[in-house]
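**Q** the sequence and its predicted three-dimensional model are supplied below.
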Amino acid sequence: MANLIVVCGPQAVGKMTVAESLRDKLRYNMMMNHDSIEVSDRIFGFATPAQKEFNAFFRRKAFELAVKHDVDLIFTYVCAFEIKEERDYLTGLKDLFESNGGNFYFVELSADLDTRLARNETPYRLERKASKRDVTWSRANLLKDAEKHRLNSNEGEYWFENHLKIDNTDLLPGQVADMVIEAFRLQPNDRDEKEYRFGV
């Protein structure tokens with residue numbers, strides 16, 4: 001029975017570092033949204049039809065295999081809350097894991113725009129995400145999406161039973177991870193490091 005933790009929030013809010021902290025504390029496997037993006041970009045080019053199709057296939061297959069092999073997984077995701085298809089997609093993930101006996105947890109991060117703009121250019125982020133190394137483009141894209149989409153839920157808006165909202169503007173990733181673990185009463189797996197973070 002595999003669990004899924006979705007760490008959601010706008011660009012550069014800190015999803016990756018929070019997810020990595022959760023991974024190490026819980027010994028869960030982890031898939032960043034950029035894992036599939038960077039691979040599909042390298043093969044098929046940026047935002048081409050083939051890239052988009054392969055990106056979606058990559059993620060779908062990873063979720064299916066996690067369920068099949070009872071692999072607890074953390075997934076980072078940027079959600080446009082005003083788009084119905086986004087909720088449908090996330091609900092589909094919830095149904096996939098819960099129908100196979102697992103649990104679904106939704107962690108929504110938020111931070112003020114100045115904090116996100118600063119985090120957008122940190123060396124660690126640029127090292128891990130090749131598509132963000134053009135910082136002029138990345139900054140413009142962040143600002144455009146912040147204006148175009150509702151990247152956090154409204155006050156009092158909860159999509160799932162296990163939906164935790166955290167403003168991590170002034171919190172370290174480890175602090176956020178501890179809050180998640182406590183809120184959902186999660187227990188770490190007894191697993192060898194190479195099983196959940198091999199080569200990382």
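**A** Great, that's in hand.
**Q** quick one: average confidence on the strand ranked longest in the chain?
**A** Counting residues, the longest strand in the chain under DSSP state E turns out to be strand 104-110. Mean pLDDT, strand 104-110: 98.
**Q** adjacent strands (with direction) for it?
**A** Applying DSSP bridges, strand 104-110 is found paired with strand 4-8 (parallel), strand 163-167 (parallel).
**Q** quick one: those strands as CSV, columns for distance to R116 and mean pLDDT too.
**A** (Each C-beta comes from the backbone N, C-alpha and C, glycine too.) Putting the strands paired with strand 104-110 into CSV (distance: least, C-beta to C-beta, whole Å; pLDDT from 0 to 100) gives the following:
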stretch, distance to R116, mean pLDDT
strand 4-8, 14, 98
strand 163-167, 12, 98
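**Q** just name the most buried of these.
**A** A comparison of the strands paired with strand 104-110 by mean neighbour count, using mean count of other C-beta atoms under 10 Å, puts strand 4-8 on top with a mean of 26.
**Q** outside of it, which residues touch it?
**A** Strand 4-8 is touched from outside by 15, 18-19, 22, 28, 63, 66, 72-79, 90, 93-94, 97, 102-109, 180, with contacts defined as C-beta atoms under 8 Å, 6 or more residues apart in numbering.
**Q** among those residues, name the ones in helices.
**A** In helices, judged by DSSP state H, the following of the contacts of strand 4-8 are found: 15, 18-19, 22, 63, 66, 90, 93-94, 97, 180.
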